[in-house]
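Q: Here is my input, please return the structure:
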Amino acid sequence: MFKFIFKRIFMVLPTFIAITFVTFALVHLIPGDPVEIMMGERGLTPEVHQQLMHQLGLDLPLYQQYFNYIGNVLQGNFGESFRTHQPVMKEFFTLFPATMELAFFALFWSLLGGIILGTIAAVKKDTWISHTVTALSLTGYSMPIFWWGLILVLYVSGPLGLPPDGRLSSDFWIDTPTGFMLIDTLLSGQPGAFVDALKSLILPSIVLGTIPLAVVTRMTRSAMLEVLGEDYIRTAKAKGLGYWRVIIVHALRNALIPVVTVVGLIVGQLLSGAVLTETIFSWPGIGKWIIDAITNRDYPVLQGSVLIIATIIITVNLTIDLLYGALNPRIRH
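A: All right, here's what the predicted structure looks like:
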């Protein structure tokens, strides 16, 4: 088992190095001068421009900037924002709870809905129910996030009275010691604050969870169809076990094994999809923060945020790999 764990961890290192190189290269290919964007073109003399470039380390050759960046990362230093002059790590974990809260609810409803719909589609194979679920899952998977978000804001938000932006309406003002609005509103004791925060989560979590819902639905349906044709399912039916006991206890439990693998991929989709979702709904998380950094050519924020997100995704997938190895010894060999 230890050999398996060491091998998996060792395989992660080249991925991590490749991410740092690709991120650094792509960030520096973005057109625009960060000093001019930060200071404005008016009154920016060549002398001041050169001084700021030297102060930010942008006058060094790119290879030297890259090695300086790697050296700082290995020491846990992801740099400081060009605009706010705050450490990137501090800003990231200040905004990350908002994204985590949104991603958790999107993951929760997409897993719950996907497993239920996928199971129904498999049980009702070759019926209009199965065909409808399959068509809806294909539609959801191909639906652009920005278009779907705008549709909900324009046509659903008003009639249902759901907030189109933000995490909490202006009627409430609370402290955020944890950064998780649902927890903080409960701790505040203000009547109606928790419900308001929960309503603010509905539309963005629907938008963010639509594609994962479609993926889980299709995966569950395929896995269930395969499991329902196994011999032990026919044996369970022949023993006289109840219909739903066979479906839920014997079939669904085994069909969920491939779905666990998909969860690792879904985490990446949620974090990447949060960039557009948070921009549409003015959600103050890392997605909107990254968009602002692109606009302002804030290199340390872009490099640090992408690297931290990639590390989170790699860690989740590594954990799933290790869990698979623990659950199924054959995978370790």
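
Q: tell me the mean pLDDT for stretch 283-301?
A: Mean pLDDT, stretch 283-301: 86.

Q: Help me confirm that Lys237 comes into contact with Val246.
A: Yes: under the criterion of CB atoms under 8 Å, Lys237 makes contact with Val246 at 5.8 Å. In this view, the C-beta of every residue, glycine as well, is placed from N, C-alpha and C.

Q: Do I have it right that Gly114 meets Ile211?
A: No: with contacts counted by CB under 8 Å, Gly114 stays clear of Ile211, the gap being 10.6 Å.

Q: Pick out whichever of the two has more residues nearby.
A: Neighbours were counted for Gly114 and for Ile211 using other CB atoms under 10 Å; Gly114 has more, 26 against 23.

Q: Distance check, the more buried one against Tyr141.
A: Relative to Tyr141, Gly114 is positioned 11 Å away (CB to CB, to the nearest Å).

Q: Number of residues surrounding Ser205?
A: Residues near Ser205, counting by other CB under 10 Å: 23.

Q: now Leu74
A: 8.

Q: Next, the contact list for it, please.
A: With CB atoms under 8 Å, 6 or more residues apart in numbering as the criterion, no residue contacts Leu74.

Q: for the residue lying closest to Leu201 once chain neighbours are set aside, what are its contacts?
A: Among residues not flanking Leu201 along the chain, Phe105 sits closest, at 5.4 Å (CB to CB, 6 or more residues apart in numbering). Residues near Phe105 by CB under 8 Å, 6+ apart: Leu201, Ser205, Gly209.

Q: and His297, helix, strand or coil?
A: Rather than His, residue 297 is Arg. coil (DSSP: H, G, I helix; E, B strand; the rest coil).

Q: What's the local residue count around the closest residue in space to it that isn't next to it in sequence?
A: Leaving aside its sequence neighbours, Arg297 sits nearest to Pro34 (CB to CB, 6+ apart; 3.9 Å). Around Pro34 there are 19 other residues, counting by other CB under 10 Å.

Q: Tell me who's in contact with Pro34.
A: Pro34 touches Leu56, Leu58, Phe82, Asn296, Arg297, Asp298, Tyr299, counting by CB under 8 Å, 6+ apart.

Q: Between Lys237 and Val246, tell me which one has more neighbours.
A: Val246 (19 against 13).

Q: distance of that one from Thr119?
A: 12 Å.

Q: Local confidence estimate at Pro144?
A: Predicted confidence (pLDDT) for Pro144: 86.

Q: Break down the chain into its strands, ranges please.
A: Counting by DSSP state E, the chain forms no strands at all.

Q: just for it, where's the confidence low?
A: 1-5, 7-8, 40-44, 324-333 (pLDDT under 70).

Q: excluding its backbone neighbours, what's nearest Ser188?
A: Ile174 (4.1 Å).

Q: can you check Thr210 too?
A: Gly140 (4.8 Å).

Q: residue contacts, the one you found?
A: Thr210, Ile211, Leu213, Ala214, Thr217.

Q: can I assume the second one is in contact with Gly273?
A: Yes: the pair formed by Ile211 and Gly273 meets the contact definition of CB under 8 Å, at 6.8 Å.

Q: Mutual contacts of the two, please.
A: Ile145.

Q: Buried residues, stretch 96-108. List them.
A: Using 16 or more other CB atoms under 10 Å as the test for burial, stretch 96-108 gives Phe96, Pro97, Ala98, Thr99, Met100, Glu101, Leu102, Ala103, Phe105, Ala106, Leu107.
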